[in-house]
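A.B. asks: Quick one, what's the 3D model for this:
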Amino acid sequence: MTNPTELLTQATQVIAVSPNEAARLCSIGRTTLYAALSAGELKSIEIGTRRLITIDAIKDWLRQNEQNSIN
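C.D. replies: Numbers count the residues shown, from 1 in each chain. This next block holds a predicted model:
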């Protein structure tokens, strides 16, 4: 059984954010972020009318861009 402190820690970890929050986290403009979404470079999910981007998708996209800028 998981202890209450561990449950609270897990509950406070964010796993997905809105496009605006994702742009802020990456220190880029919304236009750049939406361009990446439109091009299919950055994956997102839609739940109803809400679009969310997982933290893992953001990290993968940043890694991909980091590798592309090195080459």
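A.B. asks: export the longest helix anywhere in the chain as CSV, just CAs?
C.D. replies: In terms of residue count, the longest helix belonging to the chain (DSSP state H) is helix 55-70. What follows is helix 55-70, C-alpha atoms only, in CSV (Å, rounded to 0.1, in the frame of the first residue of the first chain):
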residue,chain,number,x,y,z
ILE,A,55,5.5,16.7,-20.4
ASP,A,56,7.1,13.6,-22.0
ALA,A,57,6.1,14.9,-25.5
ILE,A,58,7.6,18.3,-24.7
LYS,A,59,10.9,16.7,-23.6
ASP,A,60,11.0,14.5,-26.7
TRP,A,61,10.4,17.4,-29.0
LEU,A,62,13.1,19.5,-27.3
ARG,A,63,15.6,16.6,-27.5
GLN,A,64,14.7,16.2,-31.2
ASN,A,65,15.3,19.9,-31.9
GLU,A,66,18.5,19.8,-29.9
GLN,A,67,19.8,17.0,-32.0
ASN,A,68,18.7,18.7,-35.2
SER,A,69,20.5,21.9,-34.3
ILE,A,70,23.8,20.0,-33.7
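A.B. asks: Start at 40, not 1
C.D. replies: That works, and once the first residue is 40, the last one we named lands at helix 94-109.
A.B. asks: do you know how far Pro58 is from Leu64?
C.D. replies: 11 Å (CB to CB, to the nearest Å). C-betas here are computed from N, CA, C, even on glycine.
A.B. asks: on that earlier part again, could I get the buried residue list for the longest helix of the chain?
C.D. replies: Using 16 or more other CB atoms under 10 Å as the burial criterion, the residues of helix 94-109 that qualify are Ala96, Ile97, Trp100.
A.B. asks: doesn't Glu80 fall inside a strand?
C.D. replies: No. The assignment for Glu80, made by DSSP: H, G, I helix; E, B strand; the rest coil, is coil rather than a strand.
A.B. asks: Surely it and Gln103 touch.
C.D. replies: Yes. Because the distance of 7.4 Å satisfies CB atoms under 8 Å, Glu80 is recorded as touching Gln103.
A.B. asks: I am finished for the moment; much appreciated.
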